[in-house]
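[1] sequence first, predicted coordinates after that:
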Amino acid sequence: MLIHDTFCKIIATVGPASESPQMLEKLVRAGVSVFRINFSHGTEKEVTARFAAIRALEKKYDISLGILCDLQGPKLRVGTFANGAVQLKEGQAFTLDMTGVPGDETRVTLPHPEIFKAMHPGLELLLNDGLIRLRVERVEGDKALTTVTVGGTLSDHKGVNVPGVKLPISALTEKDRKDLKLAEKLGADFIGLSFVQQPEDLLELRSLMTGTADIISKIEKPSAIEHLNEIVALSDAVMVARGDLGVEVSTEMVPVLQRRIVDACRKVGKPVIIATQMLESMITHITPTRAEASDVATAVYDGVDAVMLSGETAAGSYPVQAVSTMHNIIKTVEGDERYRKNLIRRDKIDGQNAETAITVAAGISARAVQTANIIANFTDSGKTTLRTAKYRPGVSILSLTPKVATARHMALVWGVTSVLVPDLTSFEDIAEQARQAALRSGLVQKGQNMVITAGIPFGRSGETNLLYIITI
């Protein structure tokens, strides 16, 4: 059984640089717990092959790996240019229209009527990840006359952002609906919803889903911040997607919003992921910058559940080294005494009920009686494990579950190692399965202690009312 030795999990995006079964295996051995499949790229055949390779690795290493299918969402883009690209200069006039005709130095098609409806004089449009900026002067039906305020090269199908404007569009396109069906057919564990603007976006996705996948809301629009608590409540997990978020808000606000989102998730015990440009330089270089290493470390110190690699593993020259570097940064931070003290200090106890009391007591007991750093809990739905992880006990969590879907969902959660067990009916069964699983995982040795939590009577989801210390 392969065991990853960090609390914070690593998500790696699969792409041309990492999609072979051999490379995927190297990434798992380097520390990946969840694989992200970006539905903006790849054919159905390619996606199916990636699923099969990942599931084969689960069997080979006797582990549970999560698969995140990331829906593209309503990506707004300009059309094409007659010569592939144009050079825009500051101060020049430039027109956006709906004609569909290839563009030139004076105009280009913007095939999104919803943007024209939201335009008004003075509105700033950001193109090509904010490298080019246009100011709207006036709107004439399906045509907008703008002035270039920041020039540069603009080529075919570059993205468009409209900061500060809540666009009247669904977070799900027709392509997303088709991709969702494929993801559920293949057995996705997580569905990433891009460009979430409001709680209704999540309700729409939930109404279309038929499988057991969890929903991960990607926070990359300022409008989502306005509804942050509601979005977190409706999500199974949240991703701080700093790419588009960094385009739509000022650069200095990104770390502020990142901390706000992390705190909102940590408060209610929802898994939270930090993504985008974490080790960006490793797409082309064997080592990261010191700033990137500090960025990863800051996220780990904040107690996030997972950090994610995008282009570094999807298309980079050093995918395995990127994962190994991220693992080493996480491991070093988690070995710092200040890390554990900070986790315990941050996690205030909220709620007055048996579940909270047992969960908090488990962490205290694990640290107090020298349990070899392990809490084992039996969970059907995963709620017991999520509750245990919420308070960041500073020790490993062994999640015993009879459900494959639950085990895979826990691959995203801080500090958790999932083990599939039979459907247990008595405490004696739990104790014995916990002993066997703990020894098989290598997390404890014979003669050491372990804290067990569970809910009695068995089979009732969400109740945790038993704490027991056993000797292995």
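    Received it, and whenever you're ready, just let me know what you need.

[2] tell me, how many residues neighbour residue 468?
    Other residues near residue 468 number 16, with proximity taken as other C-beta atoms under 10 Å. Quick note: C-beta positions are derived from backbone N, CA and C, even for glycine.

[3] again with residue 83
    As a burial measure, the neighbour count of residue 83 was computed by other C-beta under 10 Å and equals 12.

[4] do residue 360 as well
    Taking other C-beta under 10 Å as the definition, residue 360 ends up with a neighbour count of 18.

[5] are we agreed that it is in a helix?
    Yes: the assignment for residue 360, made by DSSP: H, G, I helix; E, B strand; the rest coil, places it in a helix.

[6] report pLDDT for it.
    The predicted structure scores residue 360 at 84 on the pLDDT scale.

[7] now do the one 10 residues further on
    Each residue has a pLDDT score; the one for residue 370 is 65.

[8] and if you look at residue 156?
    The per-residue pLDDT reported for residue 156 equals 94.

[9] so how many other residues sit close to it?
    Burial measure for residue 156: 15 neighbouring residues, criterion other C-beta under 10 Å.

[10] dump the residue contacts of it.
    With C-beta atoms under 8 Å, 6 or more residues apart in numbering as the criterion, the residues that contact residue 156 are 78, 79, 80, 81, 84, 85.

[11] list the buried residues for stretch 163-170?
    Neighbour-count burial for stretch 163-170 flags 165, 167, 169, 170 (criterion: 16 or more other C-beta atoms under 10 Å).

[12] okay but the first one is in contact with residue 116, surely?
    No: counting by C-beta atoms under 8 Å, no contact exists between residue 165 and residue 116, whose distance comes to 11.7 Å.

[13] please, where are all the strands along the stretch 251-400 of the chain?
    Along the stretch 251-400 of the chain, the stretches classed as strands by DSSP state E, counting those that start in this stretch are 272-275, 306-309, 374-378, 396-401.

[14] swap in the stretch 101-250 of the chain?
    Remark: strands of the stretch 101-250 of the chain, listed N- to C-terminal, are 107-109, 124-127, 132-139, 143-150, 152-155, 160-161, 190-193, 214-219, 237-241; assignment by DSSP E, counting those that start in this stretch.

[15] so which of these is nearest residue 326?
    Taking C-beta to C-beta as the criterion, residue 326 comes closest to strand 237-241 out of the strands of the stretch 101-250 of the chain, the separation being 16.0 Å.

[16] quick check: beta-bridge partners of residue 96?
    For residue 96, the beta-bridge assignment (DSSP bridges) gives partners residue 108, residue 144.

[17] residues in contact with it?
    Residue 96 is in contact with 78, 107, 108, 109, 110, 125, 134, 143, 144, 146, counting by C-beta under 8 Å, 6+ apart.

[18] between the buried residues of stretch 163-170, which sits nearest residue 250?
    Proximity of the buried residues of stretch 163-170 to residue 250 (C-beta to C-beta) peaks at residue 165, which lies at 15.9 Å.

[19] for that closest one, which non-adjacent residue is closest in space?
    residue 118 (5.0 Å; C-beta to C-beta, 6 or more residues apart in numbering).

[20] walk me through the domains of this structure.
    Residue ranges for the domains of the chain, per automatic domain parsing: 9-74+171-335, 85-161, 347-471.

[21] on that earlier part again, isn't the residue nearest to residue 165 right up against residue 163?
    No: with contact defined as C-beta under 8 Å, residue 118 does not reach residue 163; the gap is 11.5 Å.
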